[in-house]
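# Sequence plus the predicted model coming up.
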Amino acid sequence: MSCWMPGCPALSMCRGLAALPITCLERAKDLKTRLGILLHKPELGHKSGSSSKLQLGSRRRDSSQEVLEWRESFDQLLKSKSGVNAFHTFLKTEFSEENLDFWLACEDFKKTRSKTKLASKANRIFEEFVQNEAPREV
């Protein structure tokens, strides 16, 4: 079915896309490419080929359900080790992984009970992420 036929549901989508500035379309294509790259990153546990499908078995189904939960809630993604890893990998492609690292350091800080460790962690967070011209300033 052609997009130009009357009543075609894709027609309104095509008109909507045509109205967008070219920079938006280029950015969307770039994001699509970057997200596609994440599927093939070895640190995410995804391997192409049939042997990986056999090795993953039910674990793949479990992780698929987990990924669907990430779509529902960003908090779900942050509660999942593989979600944090996937998000960190994505942020590397955006040159902004220090934002997640800062958040993780703050979460670790909140869980710390020892006063001496609190001071040490606070100092490390400040020096690494907060102070003016910090190596990973946020």
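Happy to help now that I have it.
# just for this structure, where's the confidence low?
Within the chain, the segments meeting pLDDT under 70 span 1-25, 27-62.
# Helices of that one, start to end?
Secondary structure of the chain (DSSP state H): helices at 9-19, 22-38, 50-56, 58-72, 74-79, 81-93, 97-111, 115-125.
# Which parts of the fifth one count as buried, going by neighbours?
Within helix 74-79, the residues that count as buried by 16 or more other C-beta atoms under 10 Å are Leu77. (Glycine included, C-beta is placed from N, CA and C.)
# Now do that helix: which elements does it pack against?
helix 58-72, helix 81-93 (3 or more C-beta pairs under 8 Å, 6 or more residues apart in numbering; DSSP states H and E).
# can we see that at 6 Å?
Other helices and strands packing on helix 74-79, by 3 or more C-beta pairs under 6 Å, 6 or more residues apart in numbering; DSSP states H and E, are helix 58-72.
# Show me the protein divided up by domain.
When the chain is parsed with the TED database, its domains come out as 64-94, 96-137.
# Let's have the ones you listed in CSV, adding distance to Glu26.
Formatted as CSV, the domains of the chain follow (distance: least, C-beta to C-beta, whole Å):
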stretch, distance to Glu26
domain 64-94, 16
domain 96-137, 19
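# Could you measure from the closest residue to Arg124 other than its chain neighbours over to Lys111?
In this structure, Arg124 finds its nearest non-sequential neighbour in Ala105, 7.4 Å apart by C-beta to C-beta, 6 or more residues apart in numbering. When distance is defined by C-beta to C-beta, to the nearest Å, Ala105 is 11 Å away from Lys111.
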